Structures are given as structure tokens and as C-alpha cells.
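S.K.: predicted structure and sequence below. I'll ask about it afterward.
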Amino acid sequence: MSILRVALDLPVPQLFDYSCTEANAADIGMRVLVPFGNKQAVGVIIAVAGSSAISSEKLKPAVRILRETPALGRDWLELAQFCSDYYHRPLGEVVFNGLPVRLRKPAAPLTLEQAAAYRISASGPEALARLSGRAKVKRALLQSLMQSECAEETLLAQSPGAKKILAEFVAAGWIERFQPSPQPGRGRFVEKVALNYEQQQALAEIERAGPGYGVFLLHGITGSGKTEIYLRLIARALAAGKQALVLVPEISLTPRLTQEFGERFPDAPLVSLHSGLADGERARHWLQAQSGAAAIVLGTRLAVFAPLPKLALIVVDEEQDASFKQQDGVRYSARDVAIFRARQAGIPIVLGSATPALETYAHALSGRYRLLQLAQRAVPEAALPRVHTVDMRKHKLEEGLAPPVVEALAERLARGEQSLVFLNRRGYAPVLMCPACDWVSGCRRCSTRMVLHLADRQLRCHHCGASTPIPRHCPSCGNADIHPFGRGTQRVEVTLAALFPQARILRIDRDSTRSKGSFSRMLEQIHGGRADILVGTQILAKGHDFPNLSLVAVLNADSALYSADYRAPERLFAQLVQVAGRAGRAGVAGEVLIQTQYPRHPLYLALARHDYAGFAATLLAEREQAGFPPYVFEAVLRAEAEALEAALRFLREAAALAGPPPAGITLYDPVPMSVTRLAERERAHLLVQSASRKALQTYLAAWSAKLHALPQRAVRWHLDVDPIEF
Ligand code: ADP
Ligand code: ZN
Ligand code: ZN
């Protein structure tokens, strides 16, 4: 008789013991079905022991060890334990956060189909010639198969419609599906361009460091060819029969990357891991990673938990992006977990960015991370855009647009070039107001304003998603004359349509790209030259190449300059560098116009000089002086309750429970969060700081244990380590 120590998907920091007659040490990391209350639950075996502190009559037998999927490796469990310790979340919660949904349940054992591949058949070339030029996806698939046979996963990753199309092609006899002999030369790498001098230097430096642990910050301006370096490093890993993990901020925004990988590694099985996959598919990809069959895993933050027995390289692209931090449940930073993972596995990790996070940059300056710079655009004729400010105080605005911006748009239209009008606010207007009584459209459930969406005639809360029809009269005084105030993408679209009736205007934000496939259709429209002016939010800023785009106009960026959030300027700078990077990528000279009340603001001046290093130095000096990260380490204890006072009271009690903080730890007073009310819960928090990460961790561990021992109550609470939201 053995005792299984089992982690369950519960927010309690303990393991549960079960008896089992047929278990041994090889079962550690196996999933197991156990009785829990009057139900059954899936757990993961963390240890197999000889005895239990629970009396034998109370000890329940496990139902069944779920041996149909392989055990999680020791290194994976160690990674989970690290996250549990560092983020102060129960191990069970961390383990289950890392597992794909399908594996959290007992049902539907997955059979792992052997990897399949496709090749062109005799009638294929003729079929390609007959395909309409507009069938872009079909043509692309067929074309890549003309060049060489290709793994199924790689083809599927190229487009959401690929699965259906491949089936059609097989039915038509144009291509064949077959089972390739395992791992046929998966290292084959298609060389497309020769590296330039800077790229060679950067690559050589990483290669010189050898295959062991090391963190490299690849700081390269937009368009400097960072991807090409990732590709070479991956090629090296694959040639050695190893696996590579590539993390990107948002997978739906990077089909370009997926396609690029497919073209450059035609034989290497590539799987994606992100929340947009169906449960079965995600579990299959995960198991392919675990079996070592997947050579490249490309995914969003959750992919950092993919089991990878032959991992030899991690790449984190756009490492500064806030979406690498999970904002609920286990509040981990995928970039930081990836660094731990690289150290654990003894492998290099490359963090790529045009505007590194200040935390990362500070490490690079201090020499803890190796700093590699790419200061030039890779395509020689693509110069960096010229950046100018447009002083809004000197111009009379027409519906929010200054005349120089309107003129610049007109010029591009006349030349047949594309423009992008960027503002980070979707909807028609950020608020609806009554001039008679000062009523504003607030959200019932949150301390936020409801945004006016004229397209579907709704007021909508961008925080909780609540929506109501637009009132005809002021709900407070009955006045019929209520006005939208400020502007969002919809309103700018309307304005531009009135100013330039002949222009083809395309609005690209979360609303216009909600339906599946709409975003890639819009990208095709842009690339096909069927759009003149794009109006978009940051959804457009990331990683897209628009060869014919020569003007970027930025509206309403000022609010972040004087925000209470000390990270706001860092984020704004990163965002503006990204959108500015969309202009003038190939041969067309780019220009960026920023409408502002503060044309001499250091942030805009640095942007105009393309001076990340200078701006970062200024921000770092400010942070050091004010005692903010990266010069201190932070955690917050957050509480949510129906009444704000209850949340604050809980935090005061929690502070008392912690006792007087030891030297080196600062405990601040509880305060309401900046968005205090969210989805009918009032939120407050308490900040803890220390100059020593270790001291902070020790303190949090003791405190967290005391907090978990408190009786259950109506207040929900959690710790957030290295928080980015206040
Ligand atoms: P980044 O990710 O650094 O913004 P990309 O990797 O997207 O830049 O590269 C920008 C463009 O430059 C791409 O079109 C890429 O194909 C091209 N490119 C990269 N390296 C080279 C090179 N050595 N020679 C010519 N073109 C290159
Ligand atoms: Zn009113
Ligand atoms: Zn709301």
C-alpha cells in the first residue's frame, strides 16, 4: 500500500493524501482520479510516500491513476513549485493553471495520432495554375507544398481555414496526406537573406556564449531584423535534435510569424499554444510538446508551461508587453517564468524588443543580461520615420484633427500612399454627457464611464462588458440634448469620411475585428492596396509590415504623460515606437505626426530622436529617486468585497496580522484601487516594497501562510507579486 500526495485544483495551500495499492515512484507527475467530497476530481501526483499523517480509516483510496497520458516530468513539477513559491499561490492551482483544460478533466482520453504530413501529387501543379489569384490562402498552401512536403501542424498553423482547404485538396486528388518517417531532417533551414553586419555580430555573441544558461537582451529598433536572429538560433537548436520555445504577446496578431516559421523550417513540426485553440487541439499540441515530437512551440504566455523534454532555446519576442503578465488566478509573468525555466534547463534565453521593459534594460546595463544592439533597419532602403509634433495650442482643431494632420493625410491620398490614424480608444466617444445637469454615462457596476458605441447604438463598459441602449433623454434631468464628449475610433472614422469622401477608410479595433477571420481579411485588404486610411488602436501597432504606409498620425496620447501610474510613460513610449515603426518600412519614407498640447515633452523629444536609451536613462533615474521598480521589488495584497469599507478593513486586519514589518520591508496603508469598483465588487489594496527580492519573498511567505489560515469570509483576497496594475 502506497500513499499518493495529490495536488488538486483548489485555492488551498495543501496536498491531499490518498491510498493506492499499485503505485510507485514512476507515478509521480501522473494524473490521478480521486474522490473529493461527494464527487470525483482529477489531481496530479506530487509524491508517493510510505505513510500518511491521516489515520487509515479516514484515508480514501484513489479511484484510478490516469496512465493514458505520460507523467509530468520532475523538471515540470519543479517549475510549478517555483511558481507556487514565488507567486505565493497553492501548488495545485499553479499545476492546473499550467495544464490544458482537457487534461484537467478525467474524460475523453486523447489518442495521439502520429504526426502527418502532406505532399503534392501529380495533378497538383496544374491545379495551382487553375486557382484564382484571389484565393490567397489556397494558393499559399499549394505553393509551399510545391516547394516541398510539409508537416500537417505547420500547414494548419498558417491559417484558420487551412484544415478545410487541405481536406478539399486531398479529396480533389491534388495533394496526399501521408505518415512521414519520424523526424525527417527537422533541422532543414531555408536561408532567405544573408545577415547584415550587426545581425552577424549579435548572433556570434550568442553563439560564443555556448549552449548553457544566459539571458540575452536583443535590443533592436523596429525593422532591424530580430526575427532573422531568432530563426538562426532555432535552426541551431533543431539541428541538434532539440526543441525551441517562442513566446509572443498575442498569437492572433502574429500569423506572419507563424507563416515565416513554416516557410523557413519546412520539415520541423511546429505547434501553437494559445487560448484561441479548441480544447482538444490545445491538449494535442501540449502532448506533442511533451513527447518531443513538436520541434517548435510558438505560443502566448500560457505556452511557458508547455512540457519540453528537449528544450534548448527560449525566445520571448516583445518582452516588454504587458500581456505576458496574467492578471487573474496565478498572476505570473511569462517572461520571468521563462527566465527561470532557462536557468533550470541550463539554456540560453533571448528577450527581444525595440523598447525593453525598464526592469530588463536595467539588468542589461548592469551586466546581468547580455545586451545586443541592432541600431539599423535590416532592409537598407527603409529609413526610420521622421517624427514631428503638432502643437494643438497653435491650431484650431476640426473635429479633433489639426490642419497639418489633415493636410498630411490629403498629401498621402494624392500620392496613393497609405496613412494610419492611431488613437487608443475604441467606440465613438469615451463618454456621453448632459450639459444641463453634468450627468455622465457611468457604469452601474464599475467606477468607470460607459463608452458610447454608435455603430450598434449602445453604451458599453470597457471594464466589465456591461451594455445598455443609448438613453434618449438625460436619465437624471430629462434633458433631450445630451452630447458625446471626446472621441474614439468610430468618431474619427466618421470625421475622416466627411473630410475625404473619396478615401477608402478602414477602422481596425477590437470591435471591428471581433468576428473570426475579420482581422486577417482586413490585413489582406491593406496589403492589397484596397485601403487608403486606417483608423486603429494598438491592435495595429504590433508586428505588421505595411509596405505602402507612409504616414502615422497619433491623436490623444497626452493623457498618459501625466498619469498617476508611474509605468504609463514607459508604456506610451513603447507603444508610440511600435506604431511609428509601421511607417516607411520599405522604400517609402515615413512620417509620424503627434498631435499634442506638450510638444516639448521629453517623451516626444526622445521619440523624435529615436532615443530609447536616453529616455530609459531619464525614467530609470526618476524611478531610482522615487523608489520604484526596478530599484525596489513590489507585491500587493488585494481585497474585493461588496462594500469598500469591508475590503479596507480586511487589509487593515491583514496588516496587523503581519505584525510590524522587519527592517528593509515597507508596508503601505490600504487604499482603494484606481478603478475602485469593478463588476459590482469594491477593490482595495496594500502595497509592500523592499529593496531586496529575497527579503520580500521571505516576508510574503510567512504572511501568506497566516492569511491562508484565516477563516473563510465574504472578502476575496490575493497576493500579486511584481504587480503592474494599481
Ligand atoms: P523586427 O522584428 O526587428 O522589427 P523583422 O525581423 O520583422 O524586424 O525584419 C524586418 C524586415 O527586414 C523583414 O521584412 C525581414 O525579412 C527583413 N530582413 C531581416 N534581415 C534582413 C537582412 N539581413 N537583409 C535583408 N532583409 C532583412
Ligand atoms: Zn441632465
Ligand atoms: Zn462596468
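M.R.: That came through fine. Ligands and ions are numbered 1, 2, ... in the order given.
S.K.: make it CA atoms for all contacts and neighbour counts henceforth
M.R.: OK.
S.K.: roughly how far apart are Ser51 and Leu8?
M.R.: Distance, Ser51 to Leu8, using C-alpha to C-alpha, to the nearest Å: 20 Å.
S.K.: of those two, who's got more company?
M.R.: Higher neighbour count among Ser51 and Leu8: Leu8, with 27 against 14, using other C-alpha atoms under 10 Å.
S.K.: so who does the more buried one touch?
M.R.: Residues near Leu8 by C-alpha atoms under 8 Å, 6 or more residues apart in numbering: Leu15, Phe16, Ala41, Val42, Gly43, Val44, Gly92, Glu93, Phe96.
S.K.: could I get those residues as JSON lines with distance to ligand 3?
M.R.: Converted to JSON lines, these look like this (distance: C-alpha to the ion, whole Å):
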{"residue": "Leu15", "distance to ligand 3": "37"}
{"residue": "Phe16", "distance to ligand 3": "39"}
{"residue": "Ala41", "distance to ligand 3": "34"}
{"residue": "Val42", "distance to ligand 3": "35"}
{"residue": "Gly43", "distance to ligand 3": "36"}
{"residue": "Val44", "distance to ligand 3": "37"}
{"residue": "Gly92", "distance to ligand 3": "31"}
{"residue": "Glu93", "distance to ligand 3": "28"}
{"residue": "Phe96", "distance to ligand 3": "29"}
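S.K.: which of those residues tops the neighbour count?
M.R.: Most neighbours among the contacts of Leu8, by other C-alpha under 10 Å: Gly43, with 31 neighbours.
S.K.: secondary structure element for that residue?
M.R.: Using DSSP states H and E, Gly43 maps to strand 39-49.
S.K.: count of neighbours near Ser563?
M.R.: 11.
S.K.: find me the pLDDT at Thr254, would you?
M.R.: Model confidence at Thr254, given as pLDDT, is 65.
S.K.: then Leu131?
M.R.: Leu131 is given a pLDDT of 83.
S.K.: mind checking how far it is from ligand 2?
M.R.: 60 Å (C-alpha to the ion, to the nearest Å).
S.K.: hang on, that residue packs against Leu141?
M.R.: No - if you go by C-alpha atoms under 8 Å, Leu131 and Leu141 don't touch, sitting 11.6 Å apart.
S.K.: pull the residues that contact the strand holding Gly43.
M.R.: Residues outside strand 39-49 that contact it (C-alpha under 8 Å, 6+ apart): 2-9, 23-25, 27-35, 77, 95, 104-106.
S.K.: start and end of stretch 304-320, how far apart?
M.R.: Start-to-end, stretch 304-320 (C-alpha to C-alpha) is 16 Å.
S.K.: from the middle of its chain, how far away would it be?
M.R.: Taking C-alpha atoms, centre = their mean, to the nearest Å, one finds the center of stretch 304-320 at 14 Å from the center of the full chain.
S.K.: for the remainder of this discussion, apply numbering that starts at 138.
M.R.: Let's use 138 as the start, then, which means that last one is stretch 441-457.
S.K.: next structured bit after the longest helix anywhere in the chain?
M.R.: Longest helix in the chain, counting residues (DSSP state H): helix 830-846. Tracing the chain past helix 830-846, the next element assigned as helix or strand by DSSP H and E is strand 853-858.
S.K.: who are the packing partners of the strand or helix carrying Glu630?
M.R.: For Glu630, the enclosing helix or strand under DSSP H and E is helix 626-636. Here helix 626-636 touches strand 642-645, strand 670-673, going by 3 or more C-alpha pairs under 8 Å, 6 or more residues apart in numbering; DSSP states H and E.
S.K.: buried deepest among those, which one?
M.R.: A comparison of those by mean neighbour count, using mean count of other C-alpha atoms under 10 Å, puts strand 670-673 on top with a mean of 25.
S.K.: partners of that one, with directions?
M.R.: strand 555-559 (parallel), strand 642-645 (parallel) (DSSP bridges).
S.K.: contacts made by that strand with the rest, please.
M.R.: The contact list for strand 670-673, computed with C-alpha under 8 Å, 6+ apart, reads 555-561, 626, 629-630, 640-646.
S.K.: output the below-cut-off pLDDT ranges for the stretch 388-537 of the chain.
M.R.: By pLDDT under 70, the low-scoring segments of the stretch 388-537 of the chain are 389-392.
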